[in-house]
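Chemist: here are the coordinates; sequence isn't available:
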């Protein structure tokens with residue numbers, strides 16, 4: 001498979017397209033390794049993961065080069081903002097490996113003592129996307145290994161390089177077969193998820209991919225963990241500092257060219273400040289430089305998808321700034337702001353996954369919450385206000401897996417990252433993410 005640098009549109013390398021024999025070999029290696037890795041001590045798993053985290057930092061230059069060649073991201077941005085968080089997530093799961101919770105042993109019936117064991121699930125098939133290739137690989141691999149599972153990872157076909165390098169670094173710290181990587185396309189992913197050795201499938205990807213994988217997993221009654229799309233609403237109330245809020249949201253909305261499931265894509269603004277906020281936000285978006293402040297879209301198909309969505313805008317919608325492609329090679333697109341949209345418009349209802357943000361007015365808190373929840377996605381949201389009670393009401397009423405107050409997009413390894421509705425189920429990060437890779441066993445003595 002040819003690998004294209006999105007910043008130039010030129011082929012920079014090639015990756016193998018793994019076939020059924022490759023998938024069989026990887027799953028067989030994982031199944032063989034599971035026999036001993038599943039019985040390893042938590043301390044041994046911790047040492048391995050800490051070694052991997054150290055290797056990530058020690059090979060920062062090589063990982064940055066691999067990631068940015070496949071994604072076109074500004075290298076320094078990846079090195080300073082993503083790589084430290086990747087190493088931190090691996091270290092978190094290294095510690096969590098030694099702290100699995102369980103119910104206290106007790107006598108729930110006369111003459112018998114019950115206790116609860118937390119055990120690994122088996123061989124995991126893990127599929128990661130192209131927007132954050134190395135980060136998503138780490139989020140998947142680390143909890144699976146920490147819990148005593150073995151895994152076969154399939155990175156996205158356009159961005160395999162950093163995941164392959166991570167596996168090579170991990171090989172110095174893990175026994176053979178614990179971590180395996182197969183490169184390939186959708187057919188490779190289908191063969192992997194249907195493989196009889198696989199007990200759990202974990203995917204970060206589109207709703208389409210999630211539906212297909214969940215349906216395929218049903219035939220084998222495999223466990224499924226899905227982190228799918230997002231279409232994050234942002235509730236901006238009339239008591240905010242307009243200029244500061246606009247600047248803060250613009251910095252997050254266009255990071256990674258908006259290719260982030262939690263990106264603040266739908267700005268719902270109180271009508272009293274709507275016009276002033278729209279002007280301020282559009283001015284911030286217009287300042288952003290393609291290739292410096294944010295990179296390109298990952299591939300030609302995604303660029304075409306964003307362009308088509310803008311081409312289909314209804315006549316009542318207005319592109320306030322941006323809306324086009326800059327005069328340079330690669331898959332770049334201008335930071336774009338669209339106003340005058342209505343709730344049933346395609347651009348409001350569907351995930352854009354690009355540098356495009358819509359702005360809608362609302363009359364009161366009730367309408368804001370209705371507009372926020374009236375889409376099929378439920379991954380993330382934020383509310384911006386100085387009113388503590390209003391903020392707490394919003395955190396309860398928003399139908400999402402994550403809610404930020406007066407910030408947006410910040411993740412920490414200790415807290416779960418996952419959604420509801422069509423954004424999927426299961427959690428990355430946190431103790432919840434670790435427990436997703438375990439199964440409970442009741443033992444009575």
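Modeler: Perfect, I can see it now. What you see is a predicted model, and the numbers here were worked out from it, not measured in a lab.

Chemist: got a list of what the residue lying closest to residue 120 once chain neighbours are set aside touches?
Modeler: Excluding the flanking residues, the one nearest residue 120 by CB to CB, 6 or more residues apart in numbering is residue 148, at 3.5 Å. Heads up, the C-betas are built off the backbone N, CA and C, glycines and all. By CB atoms under 8 Å, 6 or more residues apart in numbering, the residues touching residue 148 are 37-40, 45, 119-120.

Chemist: Let's see that with 10 Å instead.
Modeler: Listed by CB atoms under 10 Å, 6 or more residues apart in numbering, the contact partners of residue 148 are 34, 37-42, 44-45, 97, 100, 118-122, 178, 437-438.

Chemist: so residue 174 sits right up against residue 167, yeah?
Modeler: Yes - using CB atoms under 10 Å, residue 174 is in contact with residue 167, at 9.2 Å.

Chemist: Any chance you could list residues touching both of these two?
Modeler: By CB under 10 Å, 6+ apart, the residues touching both residue 174 and residue 167 are residue 141.

Chemist: Tell me how many other residues surround residue 31.
Modeler: Counted with other CB atoms under 10 Å, residues neighbouring residue 31 total 19.

Chemist: Kindly state the pLDDT recorded for it?
Modeler: The per-residue pLDDT reported for residue 31 equals 98.

Chemist: and what of the one 4 residues further on?
Modeler: Per-residue confidence at residue 35 stands at 97 (pLDDT).

Chemist: That one reaches residue 150, doesn't it?
Modeler: Yes - counting by CB under 10 Å, residue 35 does reach residue 150; the two are 9.3 Å apart.

Chemist: okay, these two: which has more neighbours?
Modeler: residue 150 (28 against 10).

Chemist: Could I get the contacting residues of the more buried one?
Modeler: Residue 150 touches 27, 29-38, 120, 122-124, 144, 174-175, 177-180, 197, counting by CB under 10 Å, 6+ apart.

Chemist: Among those, which ones are in helices?
Modeler: The helices, defined by DSSP state H, take in 27, 29-37, 144 from the contacts of residue 150.

Chemist: Settle it for me: which of residue 174 and residue 167 has more neighbours?
Modeler: Taking other CB under 10 Å, residue 174 and residue 167 do not tie; residue 174 has more neighbours (21 against 17).

Chemist: List the residues that contact the more buried one.
Modeler: Here residue 174 is in contact with 33, 37, 45, 48-49, 51-52, 141, 145, 150, 167 (CB under 10 Å, 6+ apart).

Chemist: Now those in JSON lines, please, with extra columns for secondary structure and distance to residue 335.
Modeler: Shown next, in JSON lines, are those (DSSP: H, G, I helix; E, B strand; the rest coil; distance: CB to CB, whole Å):
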{"residue": "33", "secondary structure": "helix", "distance to residue 335": "46"}
{"residue": "37", "secondary structure": "helix", "distance to residue 335": "46"}
{"residue": "45", "secondary structure": "helix", "distance to residue 335": "43"}
{"residue": "48", "secondary structure": "helix", "distance to residue 335": "42"}
{"residue": "49", "secondary structure": "helix", "distance to residue 335": "38"}
{"residue": "51", "secondary structure": "helix", "distance to residue 335": "40"}
{"residue": "52", "secondary structure": "helix", "distance to residue 335": "36"}
{"residue": "141", "secondary structure": "helix", "distance to residue 335": "33"}
{"residue": "145", "secondary structure": "helix", "distance to residue 335": "38"}
{"residue": "150", "secondary structure": "strand", "distance to residue 335": "43"}
{"residue": "167", "secondary structure": "helix", "distance to residue 335": "35"}
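
Chemist: Can you tell me which of these is nearest residue 15?
Modeler: Residue 15 has its nearest neighbour among these in residue 167, at 12.9 Å by CB to CB.

Chemist: Who are the packing partners of the longest strand belonging to the chain?
Modeler: Ranked by number of residues, the top strand in the chain under DSSP state E is strand 112-120. Contact here means 3 or more CB pairs under 10 Å, 6 or more residues apart in numbering; DSSP states H and E; on that basis strand 112-120 packs against strand 106-109, helix 133-146, strand 438-444.

Chemist: again, only using 8 Å
Modeler: Where contact means 3 or more CB pairs under 8 Å, 6 or more residues apart in numbering; DSSP states H and E, strand 112-120 is packed against strand 106-109, strand 438-444.

Chemist: Give me the mean pLDDT for it.
Modeler: The average pLDDT within strand 112-120 is 95.

Chemist: Pretty sure residue 341 sits against residue 350.
Modeler: No - using CB atoms under 8 Å, residue 341 is not in contact with residue 350, being 11.9 Å away.

Chemist: Compare those two (neighbour count), which wins?
Modeler: A direct count of neighbours by other CB under 10 Å for residue 341 and residue 350 places residue 341 higher, at 20 against 17.

Chemist: Check what pLDDT residue 335 gets.
Modeler: Per-residue pLDDT puts residue 335 at 98.

Chemist: Secondary structure element for the closest residue to it other than its chain neighbours, which one?
Modeler: Leaving aside its chain neighbours, residue 335 sits nearest to residue 285 (4.2 Å; criterion: CB to CB, 6+ apart). In this structure, residue 285 sits in helix 274-287 according to DSSP states H and E.

Chemist: and whatever helix or strand comes next after that helix, how far from the chain's centre?
Modeler: Following helix 274-287 in sequence order, the next helix or strand is helix 300-311 (DSSP H and E). Its chain's average C-alpha position is 21 Å from that of helix 300-311, according to CA atoms, centre = their mean, to the nearest Å.

Chemist: And helix 300-311, what's buried?
Modeler: 302-303, 306-307, 309-310 (16 or more other CB atoms under 10 Å).

Chemist: Pull up the gap between the closest residue to residue 188 other than its chain neighbours and residue 85, please.
Modeler: Excluding its sequence neighbours, the residue lying closest to residue 188 (CB to CB, 6+ apart) is residue 18, at 4.9 Å. Applying CB to CB, to the nearest Å, the value for residue 18 to residue 85 is 29 Å.

Chemist: Those two: which is more packed in?
Modeler: Ranked by neighbour count (other CB under 10 Å), residue 18 and residue 85 place residue 18 first, with 22 against 15.
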